[in-house]
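A.B. asks: quick check, what structure comes out for this input:
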Amino acid sequence: LVYICPNSDFKKLIYIIQLELKCKQQIQIFKKQWYQRRVRVNRTKIPVFERVLWRASRGKALLRHMEIGEVLKDPATEEEIPKSTFIVYFQGEQLKMRVKKICEGLGATTYPCKEDWEERKQTEQEVEKRLTELVSILEETKNHRFRMLNTVVSSINAWIIQVRKVKAIYYTMNKFKKTETGLLHAEGWCPKFQLNEVDRALKRGAQAAGSGVAPVLNTITTRKSPPTYHRTNKLTKGYQAIIDAYGVASYQEINPAIFTIITFPFLFGIMFGDIGHGLVMFLAGLYLVLREDFFLKRLKSYEEIFLMMFHGRYIIMMNGLFAIYAGFLYNDMFFAFSQHILGLVGVQQTLPNITTLRRMLCTCWIQPCILGRTMNILEPVLFGIDPFWNLAENKLTFVNSYKMKLAVILGLIQMTFGLILSLYNYRFKGKYLDIYCTFVPQMIFLQCLIGYLVFMIFFKWFTVDAMSKEQPSLLICLINMFLDFGGEIADGMNLYSMQRYVQAALVVIAVICVPWMFGAKPLLEHMYPRVRQMSYEQFSNDGDDEEGEDEEEHGVMDIMVHQGIETIEFTLGCISNTASYLRLWALSLAHAELSEVLWNMVMQAGLGMSINKYIHQ
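C.D. replies: Presented below is the predicted three-dimensional model:
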């Protein structure tokens with residue numbers, strides 16, 4: 001280094017050069033005495049690390065940090081963690097141990113720092129060279145994996161099918177038993193009409209496998225109860241799944257799913273009776289049925305909600321069809337509109353003006369009929385509820401009562417039909433003791449209570465009208481039938497003469513049916529062992545040879561416990577099931593009222609639409 005300056009300043013220059021050399025020597029000594037430590041730590045811990053390091057070193061450690069632009073991943077959790085790199089200058093062994101413990105406590109990764117710049121440069125080059133090699137290896141591995149997967153992807157489906165076939169074969173073979181001669185022996189159930197088909201399938205399998213031993217299929221006799229098998233198709237599959245969710249019928253019993261195809265959508269229609277809404281549901285189900293081949297090819301690409309709707313497409317279509325039918329019964333279509341549909345053509349021209357009609361409806365109970373030409377002739381509506389009920393003040397009272405009674409009637413019909421099906425099952429299996437000790441008392445008990453309530457409903461419909469002085473409450477009559485047994489009928493609650501004696505007799509008969517159901521069958525089987533039938537499948541051991549011993553173990557007390565459970569279940573079920581059928585009334589009423597509220601509060605008030613434009617004046 002050459003300095004060019006005047007002679008007068010030469011001494012000063014020499015002094016400056018000497019001072020600079022001394023400073024460089026002091027710096028070299030300082031570098032030898034001080035330690036350098038590079039640190040990499042999580043970026044979120046920078047403030048904590050800096051404060052702890054300052055306090056531990058009492059300000060004697062020099063810290064510099066810089067954020068790492070690349071986001072690093074935790075090798076254990078694969079989470080992206082932003083980090084920063086640090087370099088710390090400190091002096092002394094004690095401070096070195098403190099800095100090291102602080103780094104370990106905060107989870108920092110430390111690296112040694114070479115004192116010589118050339119060594120640091122060489123280390124950096126080695127690290128970069130190693131990183132380049134690793135990147136090259138990773139890229140080559142990725143390309144190799146991509147090439148391997150490309151060759152596998154064309155065969156993966158065939159491999160999956162092959163693995164599933166092998167798994168199914170081994171799963172089936174595990175159910176076989178090996179005989180002493182080395183042959184495989186298995187027993188199973190098969191529908192009788194498919195027996196020849198199974199035999200042909202076994203022979204085809206033996207020929208395809210090149211087996212030298214032909215398979216042998218024999219029909220054996222067993223005392224075990226066969227499992228239940230129901231043949232289904234696209235229409236009946238959904239209804240059969242609903243029935244199986246509650247319970248599977250025993251072998252050779254009547255399958256209730258056949259009747260559910262009609263009763264289930266009919267009861268839904270009673271709850272959802274609306275011509276417009278039912279039509280929308282019917283068209284949606286019909287679209288899924290007509291396009292089922294299109295959707296079957298793409299089932300794996302659809303969500304779970306759509307798959308649930310698609311598998312129940314026939315149920316949706318049938319529910320919509322019966323909702324339309326019930327909508328004609330209720331005379332409701334979209335927002336509780338009533339339509340003049342059947343038998344009312346030409347009558348609108350003879351109606352009085354709407355103001356007069358409203359005044360008439362507000363002053364008396366409107367009759368379910370249409371005013372005729374002379375105003376004195378009443379022409380009844382041919383089908384469904386009279387549309388003029390929508391103009392009456394007591395519309396809600398009438399519809400509420402009508403749907404509630406309809407729900408009870410339908411409940412009695414379906415429960416009675418279920419008991420009749422049990423009668424056919426008993427007759428088919430020859431269980432005549434169950435007919436007289438189970439079916440008969442159950443039928444009498446049901447008709448004495450719920451049947452009598454339905455009788456009162458029809459009797460009131462035929463004998464009591466809006467102009468009658470006495471309007472007896474059927475619910476109060478039924479309650480007083482038990483609470484006021486044999487007492488006088490209260491004023492305004494008398495439907496017919498001798499009512500108190502009829503109700504008392506029905507209560508006595510219903511009470512007698514309870515011990516009849518509970519103790520008649522166990523008592524007869526104990527007194528006459530020959531009448532003991534091969535029933536009580538819950539006590540059987542699926543047809544083992546020791547069946548006789550099991551029958552001896554189940555004495556009178558076991559059978560009475562079983563009969564007691566059935567008796568309690570049936571007697572309580574008569575009341576609870578009847579109350580459950582009131583859901584038909586509640587949901588139908590809720591649907592109609594919500595539609596009306598939507599019209600009044602949204603369509604009429606919000607959109608400025610009026611019902612008067614739809615009424616012929």
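
A.B. asks: any regions of the stretch 451-600 of the chain where pLDDT drops low?
C.D. replies: 530-556 (pLDDT under 70).

A.B. asks: the same query, at a cut-off of 80, please.
C.D. replies: Scanning the stretch 451-600 of the chain for pLDDT under 80 picks out the ranges 465-470, 486-487, 490-492, 526-559, 592-593, 595-600.

A.B. asks: list the contacts of stretch 175-184.
C.D. replies: Under the contact criterion C-beta atoms under 8 Å, 6 or more residues apart in numbering, stretch 175-184 has outside partners 173, 185-186, 213. For the C-beta atoms, the positions are set from N, CA and C on the backbone; glycine is no exception.

A.B. asks: check the offset of it from the chain's centre.
C.D. replies: Relative to the centre of its chain, stretch 175-184 is centred 44 Å away, using C-alpha atoms, centre = their mean, to the nearest Å.

A.B. asks: end-to-end on that stretch?
C.D. replies: Taking C-alpha to C-alpha, to the nearest Å as the measure, stretch 175-184 stretches 10 Å from start to finish.

A.B. asks: give the contact list for residue 141.
C.D. replies: Applying C-beta under 8 Å, 6+ apart, no residues contact residue 141.

A.B. asks: pLDDT of the host helix or strand of it, averaged?
C.D. replies: Element membership of residue 141 [criterion: DSSP states H and E] is helix 117-153. The average of the pLDDT scores along helix 117-153 is 83.

A.B. asks: and for stretch 103-110?
C.D. replies: On average, the pLDDT along stretch 103-110 is 74.

A.B. asks: and what of stretch 163-170?
C.D. replies: 91.

A.B. asks: can I get the CA coordinates of that stretch in PDB?
C.D. replies: Extracted in PDB, the C-alpha atoms of stretch 163-170 (Å, rounded to 0.1, in the frame of the first residue of the first chain):
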ATOM      1  CA  VAL A 163     -56.200 -59.900  -5.400                       C
ATOM      2  CA  ARG A 164     -60.000 -59.700  -4.600                       C
ATOM      3  CA  LYS A 165     -60.700 -62.900  -6.400                       C
ATOM      4  CA  VAL A 166     -57.900 -64.700  -4.500                       C
ATOM      5  CA  LYS A 167     -59.100 -63.200  -1.300                       C
ATOM      6  CA  ALA A 168     -62.700 -64.400  -1.900                       C
ATOM      7  CA  ILE A 169     -61.400 -67.900  -2.800                       C
ATOM      8  CA  TYR A 170     -59.400 -68.200   0.300                       C
END
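
A.B. asks: number of nearby residues for the residue lying closest to residue 202 once chain neighbours are set aside?
C.D. replies: In this structure, residue 202 finds its nearest non-sequential neighbour in residue 215, 4.1 Å apart by C-beta to C-beta, 6 or more residues apart in numbering. If you count neighbours by other C-beta atoms under 10 Å, residue 215 ends up with 13.

A.B. asks: was I right about residue 215 contacting residue 201?
C.D. replies: No - the pair residue 215 / residue 201 is not scored as a contact, 9.5 Å apart, by C-beta atoms under 8 Å.

A.B. asks: could I have stretch 233-250 exported to CSV, CA atoms only?
C.D. replies: Backbone C-alpha positions of stretch 233-250 (Å, rounded to 0.1, in the frame of the first residue of the first chain) are rendered in CSV as follows:
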residue,chain,number,x,y,z
ASN,A,233,-85.8,-56.2,-7.8
LYS,A,234,-85.2,-52.5,-8.4
LEU,A,235,-88.6,-51.6,-7.0
THR,A,236,-88.7,-53.8,-4.0
LYS,A,237,-85.1,-53.5,-2.9
GLY,A,238,-85.5,-50.2,-1.1
TYR,A,239,-88.6,-51.3,0.8
GLN,A,240,-87.0,-54.6,1.7
ALA,A,241,-84.1,-52.7,3.2
ILE,A,242,-86.5,-50.6,5.3
ILE,A,243,-88.2,-53.8,6.7
ASP,A,244,-84.9,-55.6,7.4
ALA,A,245,-83.8,-52.5,9.4
TYR,A,246,-86.6,-53.3,11.9
GLY,A,247,-86.4,-57.1,11.7
VAL,A,248,-86.1,-60.0,9.3
ALA,A,249,-89.1,-62.4,9.0
SER,A,250,-88.6,-66.0,10.0
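
A.B. asks: what residues does that stretch touch?
C.D. replies: Against stretch 233-250 from outside (C-beta under 8 Å, 6+ apart): 225, 228, 230, 232, 255-258, 260-261, 264, 292, 311-312, 314-315, 537.

A.B. asks: pull out the buried members of these.
C.D. replies: 255-257, 260-261, 264, 312, 314-315 (16 or more other C-beta atoms under 10 Å).

A.B. asks: for the residues you listed, which one is nearest residue 462?
C.D. replies: Proximity of those to residue 462 (C-beta to C-beta) peaks at residue 264, which lies at 31.1 Å.

A.B. asks: in terms of helices and strands, where is that closest one?
C.D. replies: Per DSSP H and E: helix 257-271 holds residue 264.

A.B. asks: now do that helix: which elements does it pack against?
C.D. replies: In terms of contacts (3 or more C-beta pairs under 8 Å, 6 or more residues apart in numbering; DSSP states H and E), helix 257-271 is packed against helix 236-246, helix 313-330, helix 395-429, helix 556-598.

A.B. asks: what's the most buried one of the ones you listed?
C.D. replies: helix 313-330 (a mean of 21; mean count of other C-beta atoms under 10 Å).

A.B. asks: contact partners of it?
C.D. replies: Contacts of helix 313-330 (C-beta under 8 Å, 6+ apart): 234-235, 238-239, 261, 264-266, 268-270, 272-286, 288-289, 292, 309, 333, 341, 383-385, 588, 592.

A.B. asks: give me that answer again for 6 Å
C.D. replies: Residues from elsewhere that reach helix 313-330, judged by C-beta atoms under 6 Å, 6 or more residues apart in numbering: 235, 238, 265-266, 268-270, 272-275, 278-279, 281-282, 285-286, 288-289, 384-385.

A.B. asks: export that helix as PDB, just CAs?
C.D. replies: The C-alpha coordinates for helix 313-330 follow below in PDB (Å, rounded to 0.1, in the frame of the first residue of the first chain):
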ATOM      1  CA  ARG A 313     -85.300 -43.400  -6.500                       C
ATOM      2  CA  TYR A 314     -88.300 -45.700  -6.700                       C
ATOM      3  CA  ILE A 315     -89.300 -44.800  -3.100                       C
ATOM      4  CA  ILE A 316     -89.100 -41.100  -4.000                       C
ATOM      5  CA  MET A 317     -91.200 -41.600  -7.100                       C
ATOM      6  CA  MET A 318     -93.900 -43.600  -5.300                       C
ATOM      7  CA  ASN A 319     -94.000 -41.100  -2.400                       C
ATOM      8  CA  GLY A 320     -94.500 -38.300  -4.800                       C
ATOM      9  CA  LEU A 321     -97.300 -40.200  -6.600                       C
ATOM     10  CA  PHE A 322     -99.200 -40.800  -3.400                       C
ATOM     11  CA  ALA A 323     -98.600 -37.300  -2.200                       C
ATOM     12  CA  ILE A 324    -100.400 -36.100  -5.400                       C
ATOM     13  CA  TYR A 325    -103.300 -38.400  -4.500                       C
ATOM     14  CA  ALA A 326    -103.500 -37.200  -1.000                       C
ATOM     15  CA  GLY A 327    -103.200 -33.600  -2.300                       C
ATOM     16  CA  PHE A 328    -106.500 -34.300  -4.300                       C
ATOM     17  CA  LEU A 329    -108.000 -35.600  -1.000                       C
ATOM     18  CA  TYR A 330    -107.000 -32.500   0.900                       C
END
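
A.B. asks: that older thread, restricted to buried residues, select the contacts of helix 313-330 in PyMOL.
C.D. replies: Of the contacts of helix 313-330, the buried ones can be selected in PyMOL as follows, counting by 16+ other C-beta under 10 Å:
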select buried, resi 238+265+266+268+269+270+272+273+274+275+278+279+281+282+285+286+288+384+385
